[in-house]
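> Here is my input, please return the structure:
(chains A, B, C and D)
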4 protein chains.
Amino acid sequence: MREPIELHLSEVPQLRNPIMVVGLPDSGRVAKIVLDHLIKTLKATKIGYLYSDYLPPRLLMTQEGQVDMMKHEIFYWVNQDASQDLLLYTGDAQPILPEGAFRLSEAVIDLAQKFGVTLVVTVGAFITGKIAEKPSVYGAASEAALVEELKKLNVKIIDSGAVTWMNGLIPGLAKVRRLQGVFLSGETSGFMVDPRAAMIILRVLTKKLGLDLDLSELEKQAKDVEVALKKAAAGEKLGGEQAGKSEYIG
Amino acid sequence: MREPIELHLSEVPQLRNPIMVVGLPDSGRVAKIVLDHLIKTLKATKIGYLYSDYLPPRLLMTQEGQVDMMKHEIFYWVNQDASQDLLLYTGDAQPILPEGAFRLSEAVIDLAQKFGVTLVVTVGAFITGKIAEKPSVYGAASEAALVEELKKLNVKIIDSGAVTWMNGLIPGLAKVRRLQGVFLSGETSGFMVDPRAAMIILRVLTKKLGLDLDLSELEKQAKDVEVALKKAAAGEKLGGEQAGKSEYIG
Amino acid sequence: MREPIELHLSEVPQLRNPIMVVGLPDSGRVAKIVLDHLIKTLKATKIGYLYSDYLPPRLLMTQEGQVDMMKHEIFYWVNQDASQDLLLYTGDAQPILPEGAFRLSEAVIDLAQKFGVTLVVTVGAFITGKIAEKPSVYGAASEAALVEELKKLNVKIIDSGAVTWMNGLIPGLAKVRRLQGVFLSGETSGFMVDPRAAMIILRVLTKKLGLDLDLSELEKQAKDVEVALKKAAAGEKLGGEQAGKSEYIG
Amino acid sequence: MREPIELHLSEVPQLRNPIMVVGLPDSGRVAKIVLDHLIKTLKATKIGYLYSDYLPPRLLMTQEGQVDMMKHEIFYWVNQDASQDLLLYTGDAQPILPEGAFRLSEAVIDLAQKFGVTLVVTVGAFITGKIAEKPSVYGAASEAALVEELKKLNVKIIDSGAVTWMNGLIPGLAKVRRLQGVFLSGETSGFMVDPRAAMIILRVLTKKLGLDLDLSELEKQAKDVEVALKKAAAGEKLGGEQAGKSEYIG
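Take a look at the predicted model:
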């Protein structure tokens, strides 16, 4: 019988003081946009992937009509300007059952330890149910010093509530395993795919990591969404992007 | 403790370049009709079955008042006209939990490999929520060459969305295990048992497999459904087939 | 770690050609009434019980304020008039998940085999959603000869549909393990606890088993229900039995 | 792979005839208030905690913006006035699936046996759906003598229904393992956090355990709730405590 988590690593590069950034699909696809943008803009190198029975039993269709199993992917990036490299982790879907959330989160922490990571950052959405004029980044961390650092980066501290599924479990398990963990979330209404929430997280993240990242593409997308929303508020129709699409069940 | 999948094979015939066609119950019973029709018309030979704790915990009633556990069944067919035989797989139900979908799909791929299958085709429904004048066959495949082949057979390529459960997992797992996988689905409203959707899949399938299959029975059933639908649209009652039937829970 | 099924048998008596009758809680408590009545009227001897993690995670309150875990119980009865003894199986609840339904049903078949049982009968409810003037017993069986026997006992044969959970799985697993299996169900509306449905099953069962069982108590209860229903139909209130009871969650 | 229950005990003190009191989150947070109050007022000593994959996959936020995994905690208290010490068990959440409820309840009974506990008391809510003028304590126990003792403490005996999840399973498993088990529940509407229900349980518990516990803080909270309810009944608004809070999903 195949293992419920099947990890494939093509190489285990020596990373220098690596920080791991993890983002899995969530409301508004905020976490996914953050990771996809990091991977694309930094031209990060793919070193592995995992298939898992804990992911949804669905076949993905790629744009060319080719199929693929749902998977998680691992990338790294060597920082030329400082001796702090990045390990990046994202995927097509969150696990569907709690057991899967725990097991895959542990697999992520195992990876972090394998690569000598000392700080794991997960990103996500902070849902408010309303569209904010000026959205904020909210965060929490595994220890007081990190909380202070977040405050200095203008991150509002989350002091109640609970972060669910892998984006929540990973910083918690990091703490249990004596790693540092940070959770950063971008304020979003929860009503739509929200590049603006991803953008404000990336601004904090790049400051924290000392990176110089091109955010212009996201800024443009965020502006487009804002314009569309204002038009919608002014009574115009929002889109029709979905028109003519057929719902599909195999 | 009994294994969660209990496979019984009465023989393992030597098949020549076999292609495996898999169809499990789905919306409109499209996949089941395709497989039942193939098995009946080709007079395929049953070589095995499996019971599984992953199938629904229900007792089936046959027409003579005899009972049976839910099961999946395996058939083969020796092609007299060409050196390409068929392995056929269908069953009474899909598994009820994701773990079962993964495990049974792996069991199918194991079978494919045991029989030297190189191409696995799953069939299913493409649900649109409306009744099409001229329904199409939609498909996807594990590699570009197969996608091209599908296009030549007038199959529309699915370029987004996800196929769920076993009909989706099997082509995905096939790809992971270096087999070829194809998914073919017949457009259907999802409102009724749809022999027409099964028929158009079979037309593509027979062309792809170079088979000469009698589809007249299905064509008649498809026509009957069409007539019934037109009458229904014209204001007449659709059936009453269910009248007098009692709902049953043991 | 404790086993998910914990069976305790205080003795393994030598039974003569035993038949096993199984009834677990279902709609209208029909199966439970049948078994409770058999156990009480025959003065059957308790020989064992099982606890299981597959049963609901609830604490039962007995009438004296004492607590008990949910359990299944096993009884036997030595027939003084004929050389065919009985093994009886009932319990407080059905398992809550499919895996539990399969595992506990197998435990029942294991018990049957341990005691040399050749025929397993499960009983249950046949729900119609309306109150029948003259309710019937419906049945199915693992082989044609048994179906014929049921017909002679005026049992209507079920020729479609599915019996769910343990009452359905047990005759199916019996067949797979080469035992005989019969399912008997009493027609009931599904709206209320229905002693009448239990009574008509017992009439068939006693005829089949050649037993002389006192059914007067059940007949009285059945009549009471009928009277109450007629009054209700005539516009009077049905009960208020639940008045003043508090819903309880610990 | 990490164990699904990860217990950490920093010491195993010798306790004298210890009684174990267990309370996990339930309706009205009654059980949690009881345990938190006992731990705080007795200044009980923390000796351990457990993490578990059976608890909800969520990250907790503490007041200072620091994160923590959901956990259960174990405390003890040495009684200076009598030779009967206490073992206390509470936690952030109940398990989410039945298997977890069984496994964690067994872990609690294992702990009880490790410390030589002979009586395990669980506490909880007795939900009535209405606000009682004079709420009562309801109880049940593993044996008749304990039921009698409860009656003398003015506990109303629960003689039907079922207590669910860990608060119910623990006294049941205690009985199966030949320990004594008691369940005590405070009457509550189920509409709000109810310190009054916790207070009346503590009054019974302290009498049963011969403790002299300061309940003034709870009494004040209970009075505050009562006043608020009376005002609410008189037409005033109940609170707005939640105003301005954002719903959060990571």
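> What separation do you get for A:Pro13 and A:Tyr49?
Note on A:Pro13: its distance to A:Tyr49, by CB to CB, to the nearest Å, is 16 Å. Just so you know, the C-beta spots here come from the backbone N, C-alpha and C atoms, and that holds for glycine as well.
> Looking at these two, which is more packed in?
Neighbour totals were compared for A:Pro13 and A:Tyr49, and A:Tyr49 leads with 17 against 13 (other CB atoms under 10 Å in any protein chain shown).
> Tell me which helix or strand the more buried one sits in.
Counting by DSSP states H and E, the element that carries A:Tyr49 is strand A:45-52.
> and that strand, is it in reach of chain D?
No. Judged by CB under 8 Å from any CB of the partner chain, strand A:45-52 stays clear of chain D, getting no closer than 13.6 Å.
> List the contacts of that strand.
A:4-13, A:69-77, A:95, A:100, A:103-104, A:107, B:176 (CB atoms under 8 Å, 6 or more residues apart in numbering or on different chains).
> mind listing what the following helix or strand past it pairs with, with the direction of each?
Using DSSP H and E, the helix or strand that follows strand A:45-52 in sequence is strand A:58-61. Strand A:58-61 sits in its sheet next to strand A:67-69 (antiparallel), strand B:162-164 (antiparallel), going by DSSP bridges.
> how near is the one residue in chain A that gets nearest to chain D to D:Met61?
Closest contact between chain A and chain D, by CB to the nearest CB, is at A:Val163 (3.0 Å). According to CB to CB, A:Val163 and D:Met61 sit 7 Å apart.
> of all of chain A, which residue lies closest to chain C?
Chain C sits closest to A:Leu97 of chain A, with a gap of 12.4 Å, by CB to the nearest CB.
> That residue: how many residues sit nearby?
Applying other CB under 10 Å, we find 16 residues neighbouring A:Leu97.
> Let me see the contact set for it.
Applying CB under 8 Å, 6+ apart to A:Leu97 gives the contacts A:Tyr54, B:Pro98.
> Backbone dihedrals for it, both of them.
With angles defined as degrees, to the nearest 10, A:Leu97 sits at phi -120, psi 150.
> Could you report the distance from it to D:Met192?
From A:Leu97 across to D:Met192, the span is 32 Å (CB to CB).
> Equivalent analysis for A:Glu11, please.
Counting by CB to CB - A:Glu11 and D:Met192 are separated by 57 Å.
> Who has more neighbours out of the two?
Neighbours were counted for A:Glu11 and for D:Met192 using other CB under 10 Å; D:Met192 has more, 17 against 8.
> so what strands line up beside the one helix or strand A:His8 maps to?
Per DSSP H and E, A:His8 falls inside strand A:5-9. Its sheet considered, strand A:5-9 pairs with strand A:45-52 (antiparallel) by DSSP bridges.
> re earlier: sort out which residues of the strand holding A:His8 are buried, please.
For strand A:5-9, the neighbour count (16 or more other CB atoms under 10 Å in any protein chain shown) marks A:Ile5 as buried.
> What mean pLDDT does it get?
Average pLDDT, strand A:5-9: 96.
> Contacts for it next, please.
A:Ile47, A:Gly48, A:Tyr49, A:Leu50, A:Tyr51, A:Ser52, A:Asp53, A:Tyr54, A:Ile74, A:Arg103, A:Leu104, A:Ala107.
> Turn those residues into a markdown table, including distance to A:Val30 and pLDDT.
Formatted as a markdown table, the contacts of strand A:5-9 follow (distance: CB to CB, whole Å; pLDDT from 0 to 100):
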| residue | distance to A:Val30 | pLDDT |
| --- | --- | --- |
| A:Ile47 | 25 | 97 |
| A:Gly48 | 24 | 97 |
| A:Tyr49 | 22 | 97 |
| A:Leu50 | 22 | 97 |
| A:Tyr51 | 25 | 96 |
| A:Ser52 | 23 | 96 |
| A:Asp53 | 27 | 94 |
| A:Tyr54 | 22 | 96 |
| A:Ile74 | 20 | 98 |
| A:Arg103 | 24 | 96 |
| A:Leu104 | 19 | 97 |
| A:Ala107 | 22 | 97 |
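> so which of those residues comes closest to chain B?
Of all the contacts of strand A:5-9, A:Asp53 has the smallest distance to chain B: 4.2 Å, by CB to the nearest CB.
> burial count for the closest one?
Using other CB under 10 Å, A:Asp53 has 24 neighbouring residues.
> List the residues that contact it.
Counting by CB under 8 Å, 6+ apart, A:Asp53 touches A:Arg2, A:Pro4, A:Ile5, A:Gly100, B:Pro98, B:Glu99, B:Phe102, B:Arg103.
> returning to that earlier point: pick out the most distant pair among the contacts of strand A:5-9.
A:Ile47 and A:Asp53 (22.6 Å; CB to CB).
> shaky segments in chain A?
Applying pLDDT under 70 to chain A flags the ranges A:1-2, A:235-250.
> let's see it at 90
Scanning chain A with the threshold set as pLDDT under 90 gives A:1-3, A:26-28, A:61-65, A:127-133, A:159-164, A:189-193, A:212, A:222-250.
> Please enumerate the helices of it.
A:30-42, A:98-114, A:144-152, A:165-176, A:195-209, A:216-233 (DSSP state H).
> So what does the nearest residue to A:Gln84 once chain neighbours are set aside have for phi and psi?
Excluding the flanking residues, the one nearest A:Gln84 by CB to CB, 6 or more residues apart in numbering or on different chains is A:Asn17, at 4.8 Å. Note on A:Asn17: backbone dihedrals following degrees, to the nearest 10 are phi 40, psi 50.
> mind listing what A:Asn17 touches?
A:Ser83, A:Gln84, A:Asp85, A:Gly116, A:Thr118.
> Please spell out which residues along stretch A:19-26 are buried.
A:Ile19, A:Met20, A:Val21, A:Val22, A:Gly23, A:Leu24, A:Pro25, A:Asp26.
> Just give me the neighbour total for the residue nearest to A:Lys151 when sequence neighbours are not counted.
Nearest non-adjacent residue to A:Lys151, counting by CB to CB, 6+ apart: A:Ile157, 6.5 Å away. Residues lying near A:Ile157 (other CB under 10 Å) number 17.
> Please look at A:Ile157 and A:Tyr138 and confirm they touch.
Yes. Shown here, A:Ile157 and A:Tyr138 form a contact pair, counting by CB atoms under 8 Å, at 7.5 Å.
> returning to what we had before: the strand holding A:His8: how far from the chain's middle?
Per CA atoms, centre = their mean, to the nearest Å, the displacement of strand A:5-9 from the mean C-alpha position of its chain is 20 Å.
> Next: stretch A:197-215.
That offset, for stretch A:197-215, works out to 13 Å (CA atoms, centre = their mean).
> does chain D sit close to that stretch?
No. Using CB under 8 Å from any CB, stretch A:197-215 stays clear of chain D, with a minimum separation of 12.0 Å.
> which residues sit in contact with A:Ile39?
A:Phe75, A:Leu88, A:Thr90.
> hang on, the earlier thing: could you tell me which residues touch both of A:Val163 and D:Met61?
Counting by CB under 8 Å, 6+ apart, the contacts common to A:Val163 and D:Met61 are A:Ala140, D:Val67.
> Look at the two and report which has more neighbours.
Neighbours were counted for A:Val163 and for D:Met61 using other CB under 10 Å; A:Val163 has more, 30 against 23.
> So that one sits against A:Phe183, correct?
Yes. When contacts are counted by CB under 8 Å, A:Val163 is listed as touching A:Phe183 (5.9 Å).
> Need the residues touching each of the two.
Shared contacts of A:Val163 and A:Phe183, defined by CB under 8 Å, 6+ apart, comprise A:Gly124, A:Ala140, A:Pro171, D:Leu59, D:Val67, D:Gly250.
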